[in-house]
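Engineer: model this:
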Amino acid sequence: DDKMGLSRFGKFLKYSVFLFNVIILVAGCCLLGFGVYSRTTDNQLTQISVILGDFYNYIFSMALMASGVIVIVISFFGCCGAIKEVKCMLGTFFLLLLIMLVGMMVGGIIAYVKKDDISGRVLHELSASLNESYGMSGQQEVTDTWNLMQRFLECCGVYGGVNSTTSWAYYREYSLWYRNQTKGLEQYVPDSCCRNVFGNNRTKCVGGEGYEGIIPAAWPPVGSALENDLLFTEGCYTAIMDILAQNTKILAGVAAGIAVLMVLGMVFAVCLCRRIKDDIFF
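Structural biologist: Numbers count the residues shown, from 1 in each chain. Purely as a prediction, here's the structure:
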C-alpha cells in the first residue's frame, strides 16, 4: 500500500506524472548533449556558421543547452514530487511547466513577427559570403560549405528561381570568383551547381564552348529554348524555404503535440496534488 493511502486513480496519476517526467528528463539530456555537441565539435552546423557567421550557431547551441537544463530541472521537481508525493514540488513543477509553455508561445510569436528581419539578415550573410569569399584564397571553408550545400540541396546561388539574377546568375553578376577567373577558361557557375559533371556534361552545365545559346551563358529571362537540364537553377535560400514549407504541417503537428503533452502534465500534476494530504514531507 502507498503510505498516503492513494486510490487506484491516485496511484495512476502518481506513476503517470513520474513516467512523464522520466521521458522529459531523457529529452532534456538529449537537448543538453546536442547543444554541447553542436558548440564543441566540427559538424554541419559549424559548417553553415562559416557562411552565416558564428552568431547563429552560438545562439542555436546556447538555446539548446539552456532548454536542456530547464527541462532537466523541471523533470527533477516532477519526478520527486510525484514519487515522494510532495505538494510543493508538484506545485513548482506545474509553475515551471506553465512558464515554459508561455515562453514557447511568446518565442513563437516573436519569431513570426521578426521573420522578415531574420530572413533579411540571413540573405545578407549568404550574399556577402558568396560575393566576397567564395573561391577566394584563404576562404576554403566557405567555398567547401557552399559546394556541399549546393550539391545536397540541388541549388545554385542565393535565392530566386530560374529567371532570377540572384540564383544561378549570381556568380556571373556579383561574385569575385567569376571576375578573378583566368581569361579564356571562364565558367559561369561552379561545378557544384551541376547535376552531372562527367565528360561533356560539365562543359554544357558551366556554359562552356559550344553552349553559348543556353544558360548559364545566356542571361535571364529564360524561355524553354534557353533551359539547361544539367544546371540547378533555384537559389539555396529559396530551396531551404521550400523544404520548410513542404513540412509545415509536420512541424506544426510536432509543436502542437509538445504543447498538448505539457498541458496534460500540468493537469495530471494538479489532480495528483488534490489527492495528497497537506502534511506530507520528505
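Engineer: for residue 212, what are phi and psi?
Structural biologist: phi -70, psi -20 (degrees, to the nearest 10).
Engineer: I'd guessed it sits against residue 219; true?
Structural biologist: No: shown here, residue 212 and residue 219 do not form a contact pair, counting by CB atoms under 8 Å, at 11.1 Å. (Glycine included, C-beta is placed from N, CA and C.)
Engineer: ok, those two, which is more surrounded?
Structural biologist: Neighbours around residue 212 and residue 219, counted as other CB atoms under 10 Å, are more numerous at residue 219. The numbers are 13 against 9.
Engineer: contacting residues around the residue nearest to that one when sequence neighbours are not counted?
Structural biologist: Leaving out its chain neighbours, the residue that sits closest to residue 219 by CB to CB, 6 or more residues apart in numbering is residue 169, at 6.9 Å. By CB atoms under 8 Å, 6 or more residues apart in numbering, the contact set of residue 169 is 157, 215-216, 219-220.
Engineer: next one: residue 169, what pLDDT does it get?
Structural biologist: Residue 169 is assigned 94 on the pLDDT scale.
Engineer: hmm, back to that, check the contacts of residue 169 and tell me the two furthest apart.
Structural biologist: With CB to CB as the measure, no two of the contacts of residue 169 lie farther apart than 157 and 219, at 13.9 Å.
Engineer: looking at this, residue 215 is in a strand?
Structural biologist: No: under DSSP: H, G, I helix; E, B strand; the rest coil, residue 215 sits outside any strand and is assigned coil.
Engineer: for residue 98, see how far away it is.
Structural biologist: 56 Å (CB to CB, to the nearest Å).
Engineer: could you do residue 137 as well?
Structural biologist: 55 Å.
Engineer: same check, this time on residue 82
Structural biologist: Counting by CB to CB - residue 82 and residue 98 are separated by 17 Å.
Engineer: again, but for residue 199
Structural biologist: Taken as CB to CB, the span from residue 199 to residue 98 is 63 Å.
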